[in-house]
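[1] fold the following for me, if possible:
(one chain, ligands or ions: 3)
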Amino acid sequence: MAKVKTKWVCQNCGYETAKYIGKCPDCGAWGTLTEEVEVKNSQPLKSVVIDESPVCLINEIEITESIKLPTGFEELDRVLGGGLVQGSLVLLAGDPGIGKSTLVLQTAGNICAKGKKLLYVCAEESGSQVKLRAQRLNVNSDNLYVYSQTNLEAVITQINNIKPEILVIDSIQSIYTSNITSSSGSVSQIRECTNALMDMAKNKNITVIVIGHVTKEGNIAGPKVLEHMVDTVIYFEGDKYKSQRLLRSIKNRFGSTNEIGVFNMADSGLEEVTNPSELFMKERTDNATPGSVIIATNEGTRALLVEVQALVGATSYPSPRRVSTGVEFNRLLQIIAVLEKRIGINLSKHDVYVNVIGGIEIDEPAADLGIALAIATCFRDVVVDPDCVIIGEISLSGEIRNVSNLEKRIYEAQKLGFKKAIIPKLNKKLNGNFDIEIIQVPRLMNAISACCSKK
Ligand SMILES: Nc1ncnc2c1ncn2[C@@H]1O[C@H](COP(=O)(O)OP(=O)(O)OP(=O)(O)O)[C@@H](O)[C@H]1O
Ligand SMILES: [Mg+2]
Ligand SMILES: [Zn+2]
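    Ligands and ions are numbered 1, 2, ... in the order given. Prediction:
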């Protein structure tokens, strides 16, 4: 007899409890616990464990170089840390309709063109829907198998038949295993299916790409619970109404997590953007505007030029508003505090909005000086020289601190035709020769006088 058990599972983080509670003690979310019925097949517990990997000394372990398979997209390879690692499980997460299936299908086409066998499990769409998309994206191969199926056991049977090297699951929320009775998309199902897929990746050396949906509230079992189980988590982001898409890795067991990949969504599918700075600069008008500044940020192995905009205006609220998009909120508050104390710009009766153009999120302090100048120029109605790039971290005392990869950032500015770079005062020589005017500033005050002028 199978034993029937019910439990309450937090759909946000996967916390389990026997009784209903309003607030999840693990993640603190309210009303996220739902009841799940679980019928475990009553198989006797295995008493003998076959031990295939013996204990050994670290000195005796031989390193086997992991094989990285290029995906045909350099932007994706960089985010993955050089390519798809054989036998790894990659989770590709993103908002509905952002282009996850498109990215994976195009990647599948690239991989199959190299003679690899790939099984694409479309649990959300019919085979003909996938075929239609493939036609539009010009994806065609004799190595690409499509299987419209939601049952994991059926998928595993086909894997044993076809023996693919790469498996795609689109999406994890819509497949289920018959081992448990919870509905597909529930935390238990997602966890159980991912475990089985992870097992298959490691034991059969199949590379698995899993697509996952995220919701803003996170109240549907999102890929959040999966993040600690899988090898790599990448997010596909972007504004649905704009064509630009960003790939960002959140976790990677095989590479750095601060790389980003940039794509452009066209009618014929996703196109790589190999020089994103150029793309971000394209929307810019030549005329300088108060509150607009170009900064050089560092994303993984490359520098990126992006525009930061600030809007400062008299407030009509009891306490002035501070709104930041693409910049960490507390960082913004700190920069405002330094501007007030060290420069004497009084913003206590002004709303401040800061926005990073292009959907980029800046989480490094090297953008401080640019953000400060954007706010200061908007407040004083002056402009920063449009040919000038701003780089530097601001300390609480108003000093400009040095930043990592300074030369790479200056080089990127020079490459894109900028004439001037405002950088921190260095106590060493710059590495390399630049044909661009470089102004070293010790303090925030000096930066303002070095590059700001009346309109
Ligand atoms: N016929 C078409 N012509 C041009 N672009 C299209 C066409 N159909 C879809 N697209 C683009 O592809 C996007 C949807 O891509 P895709 O289906 O890969 O997204 P997804 O993230 O897999 O979505 P879902 O969450 O529904 O699975 C649309 O937002 C649109 O920009
Ligand atoms: Mg899809
Ligand atoms: Zn929780």
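[2] for stretch 379-386, measure first residue to last.
    End-to-end span of stretch 379-386 (Cα to Cα, to the nearest Å): 17 Å.
[3] with stretch 55-69 instead?
    Stretch 55-69 has its terminal residues 30 Å apart, counting by Cα to Cα.
[4] and what of stretch 144-154?
    Span of stretch 144-154 from end to end, Cα to Cα: 18 Å.
[5] pull the distance from it to the chain's centre.
    28 Å (Cα atoms, centre = their mean, to the nearest Å).
[6] show me what that stretch is in contact with.
    108-109, 112, 117-123, 125-127, 130-131, 134, 155, 158, 162, 164, 174-178, 184, 193, 196-197 (Cβ atoms under 8 Å, 6 or more residues apart in numbering). In short, each C-beta sits where N, CA and C put it, glycine included.
[7] just the C-alpha atoms of the lengthiest strand in the chain, please, in CSV.
    Ranked by residue count and defined by DSSP state E, the top strand of the chain is strand 302-314. The C-alpha coordinates for strand 302-314 follow below in CSV (Å, rounded to 0.1, in the frame of the first residue of the first chain):
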residue,chain,number,x,y,z
ARG,A,302,34.9,43.6,-20.7
ALA,A,303,34.3,47.3,-20.1
LEU,A,304,30.9,48.8,-21.1
LEU,A,305,30.0,52.4,-21.7
VAL,A,306,26.6,53.3,-20.5
GLU,A,307,24.6,56.5,-20.0
VAL,A,308,23.4,57.5,-16.6
GLN,A,309,20.6,60.0,-16.4
ALA,A,310,19.4,62.0,-13.4
LEU,A,311,16.3,64.2,-13.0
VAL,A,312,16.2,66.6,-10.1
GLY,A,313,13.2,68.8,-9.4
ALA,A,314,11.4,70.6,-6.6
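[8] now do the SS call for the closest residue to residue 242 other than its chain neighbours.
    Sequence neighbours aside, residue 359 is the residue nearest to residue 242 in space, at 7.8 Å (criterion: Cβ to Cβ, 6 or more residues apart in numbering). Under the three-state scheme (DSSP: H, G, I helix; E, B strand; the rest coil), residue 359 adopts coil.
[9] which parts of stretch 321-332 are buried?
    Neighbour counts over stretch 321-332 (16 or more other Cβ atoms under 10 Å) mark 324, 326-327, 331-332 as buried.
[10] follow-up on the earlier one: list the buried residues in the longest strand of the chain.
    For strand 302-314, by 16+ other Cβ under 10 Å, it's 302-312.
[11] need the worst-confidence member of those residues.
    Lowest pLDDT of the buried residues of strand 302-314: residue 302, 79.
[12] ok, that residue to ligand 3 distance?
    37 Å (Cβ to the ion, to the nearest Å).
[13] ditto for residue 375
    38 Å.
[14] then residue 297?
    For residue 297, the distance to ligand 3 equals 34 Å [Cβ to the ion].
[15] and the longest strand of the chain, what does it pack onto?
    In terms of contacts (3 or more Cβ pairs under 8 Å, 6 or more residues apart in numbering; DSSP states H and E), strand 302-314 is packed against helix 276-282, strand 292-299, strand 350-356, helix 368-380, helix 406-415.
[16] circling back: from the contacts of stretch 144-154, which land in strands?
    Applying DSSP E to these, the entries found in strands are 118-122.
[17] check the residues you listed one by one and keep those near ligand 3.
    Under the cut-off given by Cβ under 5 Å from the ion, ligand 3 has nothing from the ones in strands among the contacts of stretch 144-154 close to it.
[18] can you select the buried ones among those for me in PyMOL?
    Buried members of those, defined by 16+ other Cβ under 10 Å, are picked up in PyMOL with:
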select buried, resi 118+119+120+121+122
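[19] taking the ones in strands among the contacts of stretch 144-154, tell me the two that lie furthest apart.
    Spanning the widest gap among these are 118 and 122, at 12.5 Å by Cβ to Cβ.
[20] and residue 13, how many neighbours does it have?
    Counted with other Cβ atoms under 10 Å, residues neighbouring residue 13 total 18.
[21] need the residues of this structure near ligand 3, please.
    10, 12-13, 15, 24, 26-27.
[22] could you flag which of the residues you listed are buried?
    Among those, those buried by neighbour count (16+ other Cβ under 10 Å) are 10, 12-13, 15, 24.
[23] now pLDDT and secondary structure too, for these, in CSV please.
    Converted to CSV, those look like this (pLDDT from 0 to 100; DSSP: H, G, I helix; E, B strand; the rest coil):
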residue, pLDDT, secondary structure
10, 83, strand
12, 75, coil
13, 77, coil
15, 83, coil
24, 87, coil
